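Participant: no sequence on this one, just coordinates:
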Ligand code: KMH
Ligand code: ZN
């Protein structure tokens, strides 16, 4: 089996310090939390940004500052979010690309998101795909429901995505596909040969989905964006603690953890922006 790529989704747009005081907001908090997650084994940082009061942000300057601060400490693959927060405009959602990161997320379909709608109509998805392509970043396809894999295949036909693709199965969002071994197996069987895939189990599903992926040869995303608990009733003290638990589970099954440099090779990225990793 290939080495395990651990992604840490450090803040997202929805959880707040009220849910868990460890949720990072400011560029410095995001950099410190990301660096600790990388030290714990994360090769990829999935990055949203916030205003200092915790509200979701989209400004390129905040992304740039955060990315610079992370890179001063560690050299993970940084993936800016183009999902942002529900209600952001497409222009706002692509601002993070200006930070010049190696990867960017791309959701390929609309999905209910709790009582909201995470809007990704085909023309909007195409605009974001074009923006990612223009920047030379590698997209990660965020799959909240099975049809999003088919939608990504349609974008390949249009020349807006270039295989092999990297997929992220985000399972357990209320409104999206539930987190189950059966759903994960179906999705893993549905992506084209040569693709890579990762799973992010939302909430209490974070570590059950991680365990399945570790055994199946897939990759794992953990982090406070998706889940604020280390275990039932126990808040995680940091993103790093969630990464450490995923690494510990992998260790039990003798699945080795990929360094950022190894993850770059597995994902087909050029060697790090500063040649490191
Ligand atoms: N915050 C969600 C509405 C992504 O980062 O690409 C969307 C999201 C997906 O988190
Ligand atoms: Zn996200």
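Facilitator: Alright, I've got the coordinates. Treat the numbers as computed from the prediction; the structure is a model and nothing was measured. Ligands and ions are numbered 1, 2, ... in the order given.

Participant: work out for me the element the spatially most central residue of the chain sits within.
Facilitator: Nearest to the mean C-alpha position of the chain, counting by Cα atoms, centre = their mean, stands residue 46 at 4.2 Å. Assigned by DSSP states H and E, residue 46 belongs to strand 44-47.

Participant: which bits of this structure sit near ligand 1?
Facilitator: By Cβ under 6 Å from any ligand atom, the residues of the chain that approach ligand 1 are 12, 13, 81, 82, 83, 85, 86, 105, 107, 113, 118, 142. Every C-beta, even on glycine, is put in place using the N, C-alpha and C of the backbone.

Participant: do you have the helices of the stretch 51-200 of the chain handy? List them.
Facilitator: In the stretch 51-200 of the chain, the segments counted as helices under DSSP state H, counting those that start in this stretch are 60-73, 90-93, 122-135, 147-157, 181-190.

Participant: for ligand 2, what's the nearest residue on this protein?
Facilitator: In the chain, the residue that lies nearest ligand 2 is residue 81 (4.3 Å; Cβ to the ion).

Participant: so what's the residue count around that residue?
Facilitator: Using other Cβ atoms under 10 Å, residue 81 is surrounded by 26 other residues.

Participant: for it, give me its contacts.
Facilitator: Counting by Cβ atoms under 8 Å, 6 or more residues apart in numbering, residue 81 touches 13, 46, 47, 48, 96, 104, 105.

Participant: now do 10 Å
Facilitator: Listed by Cβ atoms under 10 Å, 6 or more residues apart in numbering, the contact set of residue 81 reads 9, 11-13, 46-49, 56, 58, 63, 93, 96, 104-107, 140, 142, 225.

Participant: which ones among the residues you listed map onto strands?
Facilitator: 9, 46, 47, 49, 56, 104, 105, 106, 107, 140, 142 (DSSP state E).

Participant: related to what we said a few turns ago, against residue 220, how distant is the residue of the chain closest to ligand 2?
Facilitator: Look at residue 81 and residue 220: by Cβ to Cβ, to the nearest Å, they are 18 Å apart.

Participant: just to revisit the earlier point, just the pLDDT at the residue nearest to the residue nearest to the centre of the chain when sequence neighbours are not counted, thanks.
Facilitator: Leaving aside its sequence neighbours, residue 46 sits nearest to residue 9 (Cβ to Cβ, 6 or more residues apart in numbering; 4.1 Å). We note a pLDDT of 99 for residue 9 in this prediction.

Participant: my read is that residue 9 contacts residue 226, right?
Facilitator: Yes - assessed by Cβ atoms under 10 Å, residue 9 is found in contact with residue 226 at 5.7 Å.

Participant: mutual contacts of these two, please.
Facilitator: With Cβ under 10 Å, 6+ apart as the test, residue 9 and residue 226 both reach 46, 170, 200, 242.

Participant: how far away is residue 262 from residue 122?
Facilitator: In terms of Cβ to Cβ, residue 262 sits 35 Å off from residue 122.
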